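Engineer: this one's structure only:
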């Protein structure tokens with residue numbers, strides 16, 4: 001079947017909208033708001049329905065974290081041109097983690113979709129989805145392809161309410177093979193149950209021998225119980241602010257697994273604790289794109305130093321800092337700037353080191369072999385070569401910073 005490029009389909013739909021507007025007194029007359037509920041026959045066993053495609057598509061992803069995700073669709077006159085997958089528990093900062101562009105044929109059937117490359121916490125390469133539908137237009141088979149290679153083939157089953165209750169991964173899919181420790185892949189299943197409000201009540205992964213059970217309050221998942229081989233391993237408690245954003249997640253009876261989330265208009269901050277000690281802090285912008293991360297280092301619970309990394313929009317490191325003092329009162333000792341990168345590998349080729357006052361004091365140049373740094377050469381600001389043993393003990397922070 002021939003497919004229509006997204007821009008062409010958009011143009012066709014816009015022309016149709018303009019034509020309808022010119023021939024009706026009411027500009028909204030004839031336009032479809034939301035998904036089109038029309039069934040298009042494909043063959044004796046398949047049909048396409050935009051409304052049912054959207055309803056089934058939203059259930060296919062997330063697995064054990066499905067309660068934390070939701071979806072938005074960009075409908076133009078009833079057709080979803082794009083779908084956005086949102087990590088809803090972080091409000092706007094979880095928006096559009098993944099963008100999926102849908103490809104239609106001339107009959108208006110979605111024949112494939114492209115999930116675009118994603119950066120940030122949920123970063124992934126681009127992947128292509130193709131579908132098999134039932135006679136109502138629900139997705140019953142999903143094939144995932146990356147760089148021309150099939151990565152997973154999944155068959156879906158629904159209950160009478162059209163809730164996804166089983167995903168069966170075919171044995172020949174790469175994911176099935178990867179999930180087996182040895183000897184090739186076997187078919188394996190994921191199972192879902194639901195409460196009366198349609199929330200996922202439990203998720204079972206038979207390949208992991210794991211079961212996850214969820215409890216909800218005011219529409220938010222507030223407790224997660226994780227079982228392995230039938231034994232309760234962990235209970236996670238989640239708390240939210242008045243806007244429904246996650247502010248605390250911790251493991252019950254375990255003081256060493258606690259995450260705190262803070263929000264401003266521009267940033268979301270995740271603070272990870274190991275007991276009473278801050279382990280690391282990460283700042284994110286919308287899409288959970290990393291902006292900066294702090295790493296706190298201790299010696300027998302005594303703070304030693306903190307180093308940071310700052311990231312550009314491509315998620316490559318642009319700046320690093322080294323602090324001493326205390327976790328509550330960090331004192332900047334110095335920082336470094338990544339001056340250049342190899343265009344083929346994106347590995348750094350030059351890094352400059354500055355004092356806390358902003359004075360450049362050294363720089364390092366790196367020799368690459370493919371994607372690996374095989375040699376580091378040090379220079380002072382006058383361009384004089386330095387050896388590692390030329391640095392004083394007080395300058396040891398430079399080697400912590402430049403790794």
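Structural biologist: That came in fine, so what should we check first? This one's a predicted model, so the numbers in the text were calculated from it and none came from an experiment. Numbers count the residues shown, from 1 in each chain.
Engineer: partners of the residue lying closest to residue 73 once chain neighbours are set aside in the sheet?
Structural biologist: Once flanking residues are discounted, residue 73 sits nearest to residue 80: 4.2 Å by CB to CB, 6 or more residues apart in numbering. Every residue, glycine included, has its C-beta placed from N, CA and C. Taking DSSP bridges as the rule, residue 80 bridges to residue 75.
Engineer: repeat for residue 191
Structural biologist: On the basis of DSSP bridges, residue 191 is bridged to residue 166, residue 204.
Engineer: unless I'm mixing things up, it is touching residue 166, no?
Structural biologist: Yes. Using CB atoms under 8 Å as the test, residue 191 is close enough to residue 166 to be in contact (5.6 Å).
Engineer: quick one: common contacting residues for these two?
Structural biologist: Overlap of the contact sets of residue 191 and residue 166 (by CB atoms under 8 Å, 6 or more residues apart in numbering) is empty.
Engineer: Dihedrals phi and psi, residue 344?
Structural biologist: Torsion angles at residue 344 (phi, psi; degrees, to the nearest 10) stand at phi -80, psi -40.
Engineer: now it: how far from residue 90?
Structural biologist: 35 Å (CB to CB, to the nearest Å).
Engineer: These two: which is more packed in?
Structural biologist: The neighbour comparison of residue 344 against residue 90 (other CB atoms under 10 Å) goes to residue 90, with 22 against 9.
Engineer: quick check, the more buried one in a strand?
Structural biologist: No. Residue 90: not assigned to a strand; according to DSSP: H, G, I helix; E, B strand; the rest coil it is helix.
Engineer: State the distance from it to residue 121.
Structural biologist: Plainly put, residue 90 is 10 Å away from residue 121 if you go by CB to CB.
Engineer: Give me the common contacts of those two.
Structural biologist: Common neighbours of residue 90 and residue 121 (criterion: CB under 8 Å, 6+ apart): residue 288.
Engineer: need the contact list for residue 189.
Structural biologist: Residues in contact with residue 189, defined by CB under 8 Å, 6+ apart, are 166, 167, 168, 169, 204, 206, 207.
Engineer: can the residues you listed go into TSV with extra columns for distance to residue 336?
Structural biologist: Listed next are these as TSV, based on distance: CB to CB, whole Å:
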residue	distance to residue 336
166	52
167	47
168	51
169	45
204	48
206	48
207	44
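Engineer: got those residues as TSV, with neighbour count and distance to residue 109 columns?
Structural biologist: Converted to TSV, the contacts of residue 189 look like this (neighbours: other CB atoms under 10 Å; distance: CB to CB, whole Å):
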residue	neighbour count	distance to residue 109
166	14	25
167	20	23
168	18	24
169	21	25
204	18	33
206	14	33
207	16	32
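Engineer: Just give me the closest of those to residue 220.
Structural biologist: For the contacts of residue 189, the minimum distance to residue 220 (CB to CB) is 22.2 Å, reached by residue 204.
Engineer: correct me, but the closest one touches residue 210?
Structural biologist: Yes. Between residue 204 and residue 210 there is a contact under CB under 8 Å: 7.3 Å.
Engineer: related to what we said a few turns ago, quick one: contacts for the residue nearest to residue 73?
Structural biologist: Per CB under 8 Å, 6+ apart, neighbours of residue 80: 35, 50, 53, 54, 73, 74, 102, 110.
Engineer: got a pLDDT number for the second one?
Structural biologist: Among the per-residue scores, residue 50 holds a pLDDT of 98.
Engineer: How about the one 5 residues further on?
Structural biologist: pLDDT, the model's per-residue confidence, is 98 for residue 55.
Engineer: and it, backbone torsions?
Structural biologist: The phi/psi pair for residue 55 (degrees, to the nearest 10) is phi -60, psi -40.
Engineer: ok, it - how many residues close by?
Structural biologist: Applying other CB under 10 Å, we find 18 residues neighbouring residue 55.
Engineer: Not counting residues beside it along the chain, what's closest to residue 33?
Structural biologist: The spatially closest residue to residue 33, leaving aside those adjacent along the chain, is residue 75, at 7.5 Å (CB to CB, 6+ apart).
Engineer: Just give me the neighbour total for residue 161.
Structural biologist: Residue 161 has 8 nearby residues by other CB under 10 Å.
Engineer: So for the residue nearest to residue 73, what's the pLDDT?
Structural biologist: Looking at residue 80, its pLDDT reads 97.
Engineer: From residue 380, how far out is it?
Structural biologist: From residue 80 over to residue 380 the distance is 59 Å, taken as CB to CB.
Engineer: quick revisit: check contacts around the residue nearest to residue 33.
Structural biologist: Residue 75 touches 32, 33, 34, 35, 81, counting by CB under 8 Å, 6+ apart.
Engineer: nearest to residue 159, of the contacts of residue 189?
Structural biologist: residue 166 (9.4 Å).
Engineer: dump the residue contacts of the closest one.
Structural biologist: Neighbouring residues of residue 166 by CB under 8 Å, 6+ apart: 156, 157, 189, 190, 191, 192.
Engineer: Rebuild the contacts of residue 75 as TSV, extending it with distance to residue 296.
Structural biologist: Formatted as TSV, the contacts of residue 75 follow (distance: CB to CB, whole Å):
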residue	distance to residue 296
32	54
33	51
34	48
35	48
81	45
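Engineer: Now, of those, which are buried?
Structural biologist: Buried subset of the contacts of residue 75 (neighbour count, 16 or more other CB atoms under 10 Å): 35, 81.
Engineer: From the contacts of residue 75, which land in strands?
Structural biologist: Judged by DSSP state E, those include residue 81 as members of strands.
Engineer: which one of the contacts of residue 75 is nearest residue 233?
Structural biologist: Checking the contacts of residue 75 against residue 233 by CB to CB gives residue 35 as the nearest, at 39.9 Å.
Engineer: out of the contacts of residue 80, which is most surrounded?
Structural biologist: Neighbour counts for these, by other CB under 10 Å, peak at residue 50, which reaches 26 neighbours.
Engineer: residues contacting that residue?
Structural biologist: Shown in contact with residue 50 (CB under 8 Å, 6+ apart): 35, 36, 37, 38, 78, 79, 80, 137.
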